[in-house]
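Asks: Below are the sequence and a predicted model; questions follow.
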2 protein chains.
Amino acid sequence: MTRLQLTSLIRSTGTYLCVGLDSDPAKIPAHLRGGKDPVFEFNKQIVDATKEHCVAYKINTAFYEADGVKGWATMERTVDYIPKTHFTIADAKRGDIGNTSAQYARAFFETLRFDAITVAPYMGEDSVRPFLEYKDKWTILLGLTSNAGAKDFELQPAGDGPLFEKVLTTAAGWGSPDNLMYVVGATQADAFTRIRSLTPDHFYLVPGVGAQGGSLEAISKKAMNKDVGLLVNASRAILFASPGEDFAAAAQKTAAQYHQEMIQYLKEV
Amino acid sequence: MTRLQLTSLIRSTGTYLCVGLDSDPAKIPAHLRGGKDPVFEFNKQIVDATKEHCVAYKINTAFYEADGVKGWATMERTVDYIPKTHFTIADAKRGDIGNTSAQYARAFFETLRFDAITVAPYMGEDSVRPFLEYKDKWTILLGLTSNAGAKDFELQPAGDGPLFEKVLTTAAGWGSPDNLMYVVGATQADAFTRIRSLTPDHFYLVPGVGAQGGSLEAISKKAMNKDVGLLVNASRAILFASPGEDFAAAAQKTAAQYHQEMIQYLKEV
């Protein structure tokens, strides 16, 4: 999916919501647990219930890997089930020396056919470039994350500003707004104006709305650009809106609320 | 495996070699390719041929994930096959917000039963701590890596020194030399004296010998401490010492050469 296509999709549907499939097997409603692949059944019902309210799904690989081979099979079935109209993100935080990153790119872009993958910047250009080399695929580099640990290194001084700013501006030279996005946490609302000034044209994947406490309104008002430039992710707030048999209906209701809010914010740009 | 046990193992065997199972399916010798699980058969023969010359095996998850579910099954079979006498490392470079890192820890420490995992530091303390919480398991944090991209961020000024020094000293406060090691690339020999002064008691996992050009002699002389404190990894130089039917014999010969060299260096500490 190109940047133009992604922006058009957001404009036509009125949503820039990404639903995060952090489908913790321990939190799957009890009535699904007897089945052959409870996590897939859960994901399937979540996708069916939310697809009209989002443009993207993000699969957090950790929750699948925790179940080993069986979990990877569930991940494969899930990504295959997501409608081709939607943008798919492997939230994998990978990154290694060049020949190894090339294998990760093959795993997530070819074998699993995701549209995008999240990548960690620490090891520098040759650890990121193999992902950028895929046509029509996206690299989503960690910029400023939503967790408390962001203060340990990301926010520490490095040259003229904090480390995450060096990451944003350095990596901007490796890719373009057409194949590179950044992760910027919703809990970092104060930083969004500055971040947008540094990277005016890039899309941001914004986790941290919902369970982590970030404000959809604040980030939408500060960080939207003329192409929208935002995919806002919610995971736990949607998946586990209800712990019971009505989980899918509850997920739909929560996703619809985000959608309604987003329709309003989209009118402003 | 505790630090004392690891040091004893190195002293009794005369080797601190780690064999990296970066088993690229495209490079497996032709005569193995018709089998049911060629990569596992390759790994099995490599392990049989090298186990007397090494104390550890490192599985690079990228090369398995590239084949999806099938690759994960091969990884599981391989880690099960490695003798329990040997230290096992998942070279996975994981790291995410706390609840997600906890799932990665479960994947690699519980489901796959590795002794250790490599972790990326960018997201800070809460992204690393879930790994450190496992008793008798090891977190191997990226410090200064062996690739060219190390110059982009790791070697950039951050406070009183380069970023990687801040990572080493900050993370030293999260764990102890009994559950935390660092990745320090063999190609960074000039930096080892300084790094050892900052972290006198920690073990280092040192990739970059062999295909990447690092010198075993230089790093051994500069970085060994009283507990040895080194696991030196070679991957391609051993796995693909010969592309033909004699690959296992060639791997053994190369591993034995490293072993002989290491016996000499161990006499000096």
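Replies: It's in.
Asks: Which residues of the stretch 101-250 of chain A lie near chain B?
Replies: For the stretch 101-250 of chain A, the residues in contact with chain B (CB under 8 Å from any CB of the partner chain) are A:101, A:103-104, A:106-108, A:110-112, A:120-128, A:142, A:145-154, A:156-159, A:163, A:166-167, A:170, A:212. The C-beta positions use only the backbone N, C-alpha and C, and glycine is treated the same way.
Asks: what about the nearest residue to A:Pro83 once chain neighbours are set aside, neighbour count?
Replies: Nearest residue to A:Pro83 in three dimensions, chain neighbours excluded: A:Lys51, at 5.9 Å (CB to CB, 6 or more residues apart in numbering or on different chains). Other residues within reach of A:Lys51 by the criterion other CB atoms under 10 Å in any protein chain shown amount to 18.
Asks: List the residues that contact A:Lys51.
Replies: Counting by CB atoms under 8 Å, 6 or more residues apart in numbering or on different chains, A:Lys51 makes contact with A:Pro83, A:Thr85, A:His86.
Asks: how about the helices in the stretch 101-250 of chain A?
Replies: Using DSSP state H, counting those that start in this stretch, the helices of the stretch 101-250 of chain A run over A:125-132, A:163-172, A:192-198, A:216-223, A:236-239, A:247-266.
Asks: what sits up against the last one?
Replies: Contacts of helix A:247-266 with the rest of the structure, by CB under 8 Å, 6+ apart, involve A:10-11, A:14-17, A:19, A:29, A:42, A:45-46, A:48-50, A:52-54, A:209, A:216-217, A:220-221, A:224, A:228, A:232, A:234, A:237-242.
Asks: How much space separates the closest residue to A:Lys222 other than its chain neighbours from A:Ser146?
Replies: In this structure, A:Lys222 finds its nearest non-sequential neighbour in A:Phe192, 3.9 Å apart by CB to CB, 6+ apart. Going from A:Phe192 to A:Ser146 by CB to CB, to the nearest Å gives 12 Å.
Asks: likewise A:Gln212?
Replies: From A:Gln212 to A:Ser146 the distance is 5 Å (CB to CB).
Asks: and these two? which has more neighbours close in?
Replies: For A:Gln212 and A:Ser146, the more surrounded residue by other CB under 10 Å is A:Ser146, and the numbers stand at 22 against 18.
Asks: which residue packs closest to that one, ignoring adjacent ones?
Replies: Sequence neighbours aside, A:Gly185 is the residue nearest to A:Ser146 in space, at 2.7 Å (criterion: CB to CB, 6+ apart).
Asks: List the residues that contact that neighbour.
Replies: Neighbouring residues of A:Gly185 by CB under 8 Å, 6+ apart: A:Leu144, A:Thr145, A:Ser146, A:Asn147, A:Ala150, A:Val206, A:Pro207, A:Gly208, A:Gln212, A:Gly214.
Asks: Check pLDDT for these and point me to the minimum.
Replies: Minimum pLDDT across the contacts of A:Gly185 is recorded for A:Gln212, with 77.
Asks: residue with max distance from the center of chain A?
Replies: A:Gly34 (30.0 Å; CA atoms, centre = their mean).
Asks: give me every residue that touches that residue.
Replies: Counting by CB under 8 Å, 6+ apart, A:Gly34 has no contacts.
Asks: Strands of the stretch 51-200 of chain A, start to end?
Replies: With DSSP state E, counting those that start in this stretch, the ranges of strands along the stretch 51-200 of chain A come out as A:56-60, A:87-94, A:116-119, A:138-144, A:157-158, A:161-162, A:180-184.
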